[in-house]
Structure formats: structure tokens, C-alpha cells
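Trainee: I'll drop the sequence and a predicted model, then ask my questions.
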Amino acid sequence: MGSYVIRIKVLPTGPDVPVQGLLDGIKGNLTSVMSVRSHKEEPIAFGLYALILDIVAPEEEGMVDQVEKAVSTAKDVAQYELTAVSRMSSTLKV
């Protein structure tokens, strides 16, 4: 069975939320079969930022919905946007 790479753009509840705090809250909501592969901070304006996450999850029915639910219910998440879903290549080197 393969894996998905799910890219999600997350907006915090405010500019005072630290990036690491937001990331830790999201990681804490993910199940044991999901993991954050990479993340980056994207500045928006006036101290507000978006956190771009690449989450790896098994290629199973309903898994993308489960990842969305885990991210959306995490502490300090105001909004999220699913920006891409792709199958993870078996030859991908990290």
C-alpha cells in the first residue's frame, strides 16, 4: 500500500500564536499513522503567517478527511485549506 502526501495551509487564530506552538498542537492531534514530513512559515502581513504542512498518511479510503479533521480541530487553528494531495513516490529520497 502506498502513502499520500497531503499539503495543508493553516492560519492561526492570531499573530501572537507562535509557529512552534501551532505546529505542536497539530502534531498532537495526528494519529499514529500520520506524520508531518515538512513545514514552512509563509508571512502574510502585520505579523500574521500561514503554516504550510506536508503530512504523510497511508493511502486508505477516508484518510484525507481524517487528516483534515485532525488539523482543523487542533489548538490555535483558525482556518485551513487543503492545497494538494499526491501519492508519495516509492523512489523519493528525503
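Mentor: Right, received. Where do you want to start? Numbering: from 1, shown residues only.
Trainee: What strand or helix carries the residue most central in space within the chain?
Mentor: Central residue of the chain (CA atoms, centre = their mean): Leu53, 3.8 Å from the mean position. Using DSSP states H and E, Leu53 maps to strand 48-58.
Trainee: Does anything pack onto that strand? Which helices or strands?
Mentor: strand 3-12, helix 19-29, strand 35-45, helix 63-72 (3 or more CB pairs under 8 Å, 6 or more residues apart in numbering; DSSP states H and E). (Each C-beta comes from the backbone N, C-alpha and C, glycine too.)
Trainee: mind running it again at 10 Å?
Mentor: strand 3-12, helix 19-29, strand 35-45, helix 63-72, strand 77-87 (3 or more CB pairs under 10 Å, 6 or more residues apart in numbering; DSSP states H and E).
Trainee: which one of the ones you listed is the most hemmed in?
Mentor: strand 3-12 (a mean of 20; mean count of other CB atoms under 10 Å).
Trainee: Kindly provide the whole-number mean pLDDT of that one.
Mentor: Average pLDDT, strand 3-12: 96.
Trainee: Dump it to PDB, restricted to CA.
Mentor: Only the C-alpha atoms of strand 3-12 are listed here, as PDB (Å, rounded to 0.1, in the frame of the first residue of the first chain):
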ATOM      1  CA  SER A   3       1.100   6.800   1.000                       C
ATOM      2  CA  TYR A   4      -0.400  10.200   0.400                       C
ATOM      3  CA  VAL A   5       1.400  13.500   0.900                       C
ATOM      4  CA  ILE A   6      -1.200  16.000   1.900                       C
ATOM      5  CA  ARG A   7      -0.400  19.700   1.700                       C
ATOM      6  CA  ILE A   8      -2.400  21.900   4.000                       C
ATOM      7  CA  LYS A   9      -2.200  25.700   4.600                       C
ATOM      8  CA  VAL A  10      -3.100  26.600   8.200                       C
ATOM      9  CA  LEU A  11      -3.900  30.100   9.500                       C
ATOM     10  CA  PRO A  12      -3.500  30.600  13.300                       C
END
